[in-house]
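In: predicted model and sequence below, questions to follow.
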Amino acid sequence: MVESQPLNENSPAVQKHLDIMQGVINRMAENSRSCKLWCITLVAATLVLVARTGEPQHALIALVPTLLFLFLDSYYLALERAFIKSQNAFVGKLHGRALESAELYRVIPSGMGLPLVMRCMLGSVSIWPFYLLVTVTIVLTWLLIIPSDTPFTGGKP
């Protein structure tokens, strides 16, 4: 039986694996950015239509894509963090000389699950301030379009 050479950071297979991991991490970051762009686009389009029609209750429709993109953006951020954790574990094993060749062919996020998505949603400064601002904008638009003669705004019936 032929013994395999120990894997080190200069190995082409190790370099390719790290390139693949970095590519996945970059795609997750790009997906997160796309979520924010699409959210702004859909919310802005909805609010423009609401302003033209003068129907304030329709402004609340913009909350639907906001919530969906909030979850999707959190999911992509969680995947990004899980792949970074996986990449760090890979590099740790590489430097500790504990890396097995079978690990070169696995690209699996470490610790991915709903708890990580929720932590990203609630604890990330790239998530909650953005979606909070979008939500406040929707609510303010809704309040500004309500006619002054409705009981909600304190106007006369």
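Out: Cool, the structure landed.
In: off-centre distance for the longest helix along the chain?
Out: Counting by DSSP state H, the longest helix found in the chain is helix 12-53. Centroid separation for helix 12-53 versus its chain: 7 Å, with C-alpha atoms, centre = their mean, to the nearest Å.
In: check which residues of the next helix or strand after that helix are buried.
Out: Read in the C-terminal direction, the helix or strand following helix 12-53 is helix 63-95, with elements assigned using DSSP states H and E. For helix 63-95, the buried set under the neighbour-count rule, 16 or more other C-beta atoms under 10 Å, comprises 63, 65-66, 69-70, 72-84, 86-87, 90, 94. The C-beta positions use only the backbone N, C-alpha and C, and glycine is treated the same way.
In: give me the most central residue, the protein.
Out: D73 (2.3 Å; C-alpha atoms, centre = their mean).
In: between the longest helix of the chain and helix 63-95, how big is the angle?
Out: Calculated by axes from the mean of the first three to the mean of the last three C-alpha atoms, to 10 degrees, helix 12-53 forms an angle of 170 degrees with helix 63-95.
In: quick one: low-confidence residue ranges for the protein.
Out: Where the chain drops to pLDDT under 70, the residues are 1-6, 148-157.
In: switch to 50 and redo it
Out: The model of the chain has pLDDT under 50 over residues 1-3, 154-157.
In: before we move on, the earlier item: helices or strands up against the longest helix of the chain?
Out: Here helix 12-53 touches helix 63-95, helix 128-145, going by 3 or more C-beta pairs under 8 Å, 6 or more residues apart in numbering; DSSP states H and E.
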